[in-house]
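>>> Let me see the structure of the following:
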Amino acid sequence: MNEPVLNPADGAAEAGPADARQELARPPARQPFVRGGLARSALFILVLAGGYYAGRYARNVYLDRTAAGDRAAMEEQAPAADQASPAAPAMVVDPEASLPASVQALYDETLAAVNVLVQLFPDNVDALEMKARVHIWLGNSSQAELMWQECLKRDPQYIHAYVGMAAAAAARAEHEKSLELAQRALETDPPNFQARAIAADALLQLGRAEEVPAMLEAHLAGDPRSRGHFLLGQAYAQLGDNAKARANFAAAVRIFPDYVEAYSGLAAACDKLGETDQAREALDKFRELSKKREADPSRVREDVSSDLGALQREASVFFTDMGRVLYVGQKIAEAEQVWLRAAALDDQNVVCRQSLAWLCRNAHRRGENIAWLKQLAALEPANPSYWIEIGHVYSDLLLMPAAEEAFRQARRVAPENGAACAALADLLLRTGQKLTETVELSRQAVQHQPSAANYAMLAAACQVTRDLDGARTAIDEALKLAPHNETYRAARESIDADRQSNE
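Sure thing, here's the model as predicted:
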């Protein structure tokens, strides 16, 4: 199948030579690492969530597209004389610049970018907190403390400042202070796992292991974390309860099979329980993972100042997070700058590419949108949702053969994925093609994802192929799940009318 050529500016499609097709399927030339191609589920969860994903904090800052649309509509209705000329985008970072040649150059670029971010949003606590994290990364803990204090002046309930200061205090072995700050965070946000883990670790360091189970056990029952089980295992080991220590260390490695320290704890607990074989197995695993860690500097860097590649990946996370703050603050061009830079710094960074795909989709830059989606599909080949999203983009452009191929690729990636089955079935149903396959795909969609929408689609497929009893059964199932849906009620009336006309 010839892949259609998309005009990156307006999404128009036309026939073209193979070399033109290849060129237009790529992101802008400044991105040399094209791998091929957002998925609705991944985008909506990972990109809309404005939370920093660096493993430090998870927060929910959502990109308010509706509000953005309302603002745009209001600006269009305003008299021309009342509208100021749009300001040129600030240069947060040059996405076309060469990659940093040294660690210091990378540090300078990252700090300069976060300084511009704070200049653009001087009262935004997320921007200030970003600068604090960059200073921690640079080893400037005193500057980070000042930034977190500024956050708390603007928002006394800003838990991320308390968590950041607690982590910094723990790094300085100031365990009483670390515990106090983590507890302040938990007063505002009891489910915050990072604050809970910092508090538990501080209790262990202070010799108060008996307080750790109350801190962690109930939380882990609803939100199991490898780090939490490891800390709980340490607590029980200190308390002499080796059976519970073993159980928690084992839980930690089930969740995270490469948890080196947990295998050490598991080996010790099994040995004390007289479980020699299990102890030897855990110890062997500990030694194996320890050797891998020593041989792979990207996993653990003892000298952080010497590993430019690993530091670039960390800087890429910072630029990804800066982009979120800029996007939510309606600095769209600036957000694109830093997301492009994040992508250049780390060719494995999924989140910045999801963000770029989302941005291009909203800007109707369909060619670039699809190219970022294909990169994502290459980075996460087991995730069918990228191909589903690609199919929807082609379908929106009425490029049905290309849409069908994308949906079929999603099926090849995940044959039992209900969303992939439903997407292809819906397309075939709308085009009136391959109706026998459409019915089978609809049945598979219901089997793997028994939603009201999928039952309604199965009903439509059965009705078109004149299986009216099957159609009535399916629409009844849809109405059980969505009894007030007027569209489904109308579909049932249509099916009943067809059944009566056949009698």
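>>> Could you report the neighbour count for residue 319?
Here the number of neighbours of residue 319 (other Cβ atoms under 10 Å) works out to 27. C-beta here means a position set from N, CA and C on the backbone, and glycine is covered the same way.
>>> The nearest residue to it once chain neighbours are set aside sits in which helix or strand?
Once flanking residues are discounted, residue 319 sits nearest to residue 342: 3.8 Å by Cβ to Cβ, 6 or more residues apart in numbering. Per DSSP states H and E, residue 342 falls inside helix 332-345.
>>> Contacts only, for residue 352.
Contact partners of residue 352, counting by Cβ atoms under 8 Å, 6 or more residues apart in numbering, are 316, 319-320, 323, 339, 342-343, 346.
>>> And the residues you listed, which of them are buried?
Among these, those scoring as buried are 316, 319-320, 323, 339, 342-343, 346 (criterion: 16 or more other Cβ atoms under 10 Å).
>>> Among the residues you listed, which one sits closest to residue 186?
The closest of the buried ones among the contacts of residue 352 to residue 186 turns out to be residue 320 (Cβ to Cβ; 27.4 Å).
>>> what angle sits between the strand or helix carrying that closest one and helix 332-345?
Using DSSP H and E, residue 320 maps to helix 308-328. Helix 308-328 runs at 160 degrees relative to helix 332-345, counting by axes from the mean of the first three to the mean of the last three Cα atoms, to 10 degrees.
>>> Would you indicate which residues of helix 308-328 are buried?
Residues 308, 310-328 are the ones in helix 308-328 that count as buried (16+ other Cβ under 10 Å).
>>> Same check on stretch 262-282?
Neighbour counts over stretch 262-282 (16+ other Cβ under 10 Å) mark 262-271, 275, 278-279, 282 as buried.
>>> residues in contact with the residue nearest to residue 319?
Each residue near residue 342 by Cβ under 8 Å, 6+ apart is listed here: 316-317, 319-320, 323, 349, 352.
>>> Put together JSON lines for the buried residues of stretch 262-282, with secondary structure, distance to residue 379 and pLDDT on each row.
As requested, the buried residues of stretch 262-282 are exported to JSON lines (DSSP: H, G, I helix; E, B strand; the rest coil; distance: Cβ to Cβ, whole Å; pLDDT from 0 to 100):
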{"residue": "262", "secondary structure": "helix", "distance to residue 379": "28", "pLDDT": "95"}
{"residue": "263", "secondary structure": "helix", "distance to residue 379": "29", "pLDDT": "96"}
{"residue": "264", "secondary structure": "helix", "distance to residue 379": "33", "pLDDT": "95"}
{"residue": "265", "secondary structure": "helix", "distance to residue 379": "34", "pLDDT": "96"}
{"residue": "266", "secondary structure": "helix", "distance to residue 379": "33", "pLDDT": "96"}
{"residue": "267", "secondary structure": "helix", "distance to residue 379": "35", "pLDDT": "96"}
{"residue": "268", "secondary structure": "helix", "distance to residue 379": "38", "pLDDT": "96"}
{"residue": "269", "secondary structure": "helix", "distance to residue 379": "38", "pLDDT": "96"}
{"residue": "270", "secondary structure": "helix", "distance to residue 379": "38", "pLDDT": "96"}
{"residue": "271", "secondary structure": "helix", "distance to residue 379": "42", "pLDDT": "95"}
{"residue": "275", "secondary structure": "coil", "distance to residue 379": "41", "pLDDT": "96"}
{"residue": "278", "secondary structure": "helix", "distance to residue 379": "37", "pLDDT": "95"}
{"residue": "279", "secondary structure": "helix", "distance to residue 379": "39", "pLDDT": "95"}
{"residue": "282", "secondary structure": "helix", "distance to residue 379": "33", "pLDDT": "95"}
